[in-house]
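S.K.: got a predicted structure plus its sequence, pasted below:
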Amino acid sequence: MLSSLELAALRADLEETLPDTATIERPVFTADGYGGQTLSYTKVGTAACRLTPTRVTEEMIASGLRAITAWRVILPADTDVRAEDRLTVDSRTLRVVGVYQRSEGACLVALAVEGSGA
């Protein structure tokens, strides 16, 4: 197990390897006045990150073929990211489907998808 000083040094080293910035948005549902809800997103922060594609699949939809890319997003360990949050990195919009800690808490990993309503 790492000491708190070793963990802090590991986190600092990791953050130097995160070349991109993600805008983090959280889903908000508001009543639409007709018994339903309207989905919108509220910006909750930004964080340094690194994107790594993990899988590309295709699905058939009415207008043709659509690619869906799965991404692994590495973030600083103290980042507040949750499943269903939306991440925008450069021109990519990703929907977070899962989040977990890695390497004794050195970083946070978000699994996200791009495409198909992300």
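M.R.: Alright, I've got the coordinates.
S.K.: tell me if Leu10 really is in a helix.
M.R.: Yes: if the criterion is DSSP: H, G, I helix; E, B strand; the rest coil, then Leu10 is within a helix.
S.K.: from what I can see it touches Gly105, true?
M.R.: No: Leu10 lies out of contact with Gly105 (CB atoms under 8 Å); the separation is 9.0 Å. C-beta: built from backbone N, CA, C; applies to glycine.
S.K.: can you name the farthest residue from the center of the chain?
M.R.: Ranked by distance from the centre of the chain (CA atoms, centre = their mean), the top residue is Tyr34, with 31.9 Å.
S.K.: which stretches of the chain form strands?
M.R.: Secondary structure of the chain (DSSP state E): strands located at 20-31, 37-61, 64-76, 86-89, 92-102, 107-114.
S.K.: redo those strands as JSON lines? Include mean pLDDT.
M.R.: Listed next are the strands of the chain as JSON lines, based on pLDDT from 0 to 100:
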{"stretch": "strand 20-31", "mean pLDDT": "96"}
{"stretch": "strand 37-61", "mean pLDDT": "89"}
{"stretch": "strand 64-76", "mean pLDDT": "87"}
{"stretch": "strand 86-89", "mean pLDDT": "97"}
{"stretch": "strand 92-102", "mean pLDDT": "92"}
{"stretch": "strand 107-114", "mean pLDDT": "94"}
